[in-house]
Each structure stands twice: as structure tokens, then as C-alpha cells.
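1. coords please:
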Amino acid sequence: MSRGAAARAALCVLVLGVVCAGAEGPKDHRSGARHDDMLIVGGLPSAEQLAVGRTQRSDLIGLWQSMLWADGYSARSGVTCTYDEATAEATRTWQSNHHLSADGIVGAATWGAAAHRIVPAGPWLVYQGEHYDLPLRSDRYDVYEVYDAGRFRRLRTNAVTLTRCR
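-> Residues are numbered from 1 along each chain as shown. Okay, the predicted model is just below:
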């Protein structure tokens with residue numbers, strides 16, 4: 001299966017995304033902050049730390065697991081929205097390969113390294129994975145949205161809304 005066909009097939013299962021609003025031009029994806037229980041576009045470096053046994057199940061974990069999948073570090077079936085030992089092991093390998101401390105905890109440095117790979121792609125943003133591109137979108141308030149079961153939903157940092165993870 002070609003890279004493009006595989007990416008399109010993946011979109012049918014789980015598309016995470018962010019679309020640039022209006023004609024503002026590219027946003028800085030290395031700065032920003034969380035807004036309540038949602039992640040503001042550009043807020044990845046300040047996103048919640050993810051660690052085994054210390055992190056509540058959430059769409060945010062699903063986003064990180066989707067990034068691991070896009071980079072080839074885990075299977076698509078690994079997107080469970082639960083930060084388990086398998087996710088931590090894949091994270092350690094990802095961190096090591098990206099010259100970070102391989103502690104298996106997704107903190108500011110890991111989120112920041114991932115955020116550098118989010119680039120504008122026309123009206124969309126794309127996480128440029130090593131194997132697949134992961135399209136992203138933002139709502140009118142610059143909150144990340146997740147495409148799930150035929151509609152966009154805001155990415156939640158403290159709850160699971162993804163159909164795949166319920």
C-alpha cells in the first residue's frame with residue numbers, strides 16, 4: 001500500500017487535526033497554553049505531563065499515541081487513550097531517537113520536539129510523521145479538534161471522547 005493510500009486509510013479510523021483559522025497565516029506551534037480542559041493550538045509544550053500510573057485517560061494521550069503511530073513506534077491499535085507501559089516503552093524509544101532523555105514521560109521537552117513537526121499544509125496543519133502524516137485542525141477559538149466518528153470534537157485533556165478509546 002502506498003504512503004498516500006495508507007494515510008487516507010488511517011484517516012477513516014482516526015484523524016486528529018487542526019485547521020488554520022481565517023487568513024492569519026501560520027501560527028507559532030511552539031508556544032501557547034491549555035485552556036480549561038482543552039488544548040490551545042500551539043500549546044503542546046505546556047501540555048500535561050504523561051506518565052504511567054499518574055495520568056488520567058484522555059484524548060490528549062490518544063493524540064500522543066497517534067503521533068507514535070505516525071512515526072512508526074506503535075500500531076494503530078495502540079491508540080487507547082490510556083498511558084500504559086507499552087506507550088511508555090514506545091515513548092522511551094521515540095525520545096532516544098530524538099536525542100531526548102529516554103524516561104518514558106511525555107513532558108515539555110518531548111511535547112516540544114513533537115510540536116516542531118507540526119507544519120502548515122494549506123488550510124490544515126500536519127504532524128509530519130516518519131511513516132504517516134497526521135492532519136490536525138483547530139476550531140474558531142484555536143482549540144485542537146479531533147475528527148472522530150464522522151464529526152469534529154474538541155480534544156479533551158481530562159476526558160475520553162474518542163470513539164476508538166471508549
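
2. contacts, neighbours, all on C-alpha from now
-> Noted.

3. tell me the contacts of the residue nearest to S66 when sequence neighbours are not counted?
-> Of all residues not flanking S66 in the chain, V79 sits nearest, at 6.2 Å (C-alpha to C-alpha, 6 or more residues apart in numbering). With contact taken as C-alpha atoms under 8 Å, 6 or more residues apart in numbering, V79 is in contact with 62, 65-66, 69, 164-165.

4. any idea of the pLDDT on the residue nearest in space to the middle of the chain?
-> Taking C-alpha atoms, centre = their mean, the centroid of the chain lies closest to L63, which sits 3.0 Å from it. You'll see L63 listed with a pLDDT of 92.

5. Output the contacting helices and strands for the strand or helix carrying it.
-> Per DSSP states H and E, L63 falls inside helix 59-70. Under the contact definition 3 or more C-alpha pairs under 8 Å, 6 or more residues apart in numbering; DSSP states H and E, helix 59-70 sits against helix 85-97, strand 133-138.

6. Can you name the element that comes right after the shortest one?
-> From strand 133-138 onward toward the C-terminus, using DSSP H and E, the following helix or strand is strand 144-148.

7. same thing with the first one?
-> Past helix 85-97, heading to the C-terminal end, the next element that is a helix or strand (DSSP H and E) is helix 108-115.

8. Send over that following helix as PDB, restricted to the C-alpha atoms.
-> C-alpha atoms of helix 108-115 as PDB (Å, rounded to 0.1, in the frame of the first residue of the first chain):
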ATOM      1  CA  ALA A 108       7.700  19.800  28.000                       C
ATOM      2  CA  ALA A 109      10.800  18.600  26.100                       C
ATOM      3  CA  THR A 110       9.000  15.700  24.400                       C
ATOM      4  CA  TRP A 111       5.900  17.700  23.600                       C
ATOM      5  CA  GLY A 112       8.200  20.500  22.300                       C
ATOM      6  CA  ALA A 113      10.100  18.100  20.000                       C
ATOM      7  CA  ALA A 114       6.800  16.800  18.600                       C
ATOM      8  CA  ALA A 115       5.400  20.300  18.200                       C
END
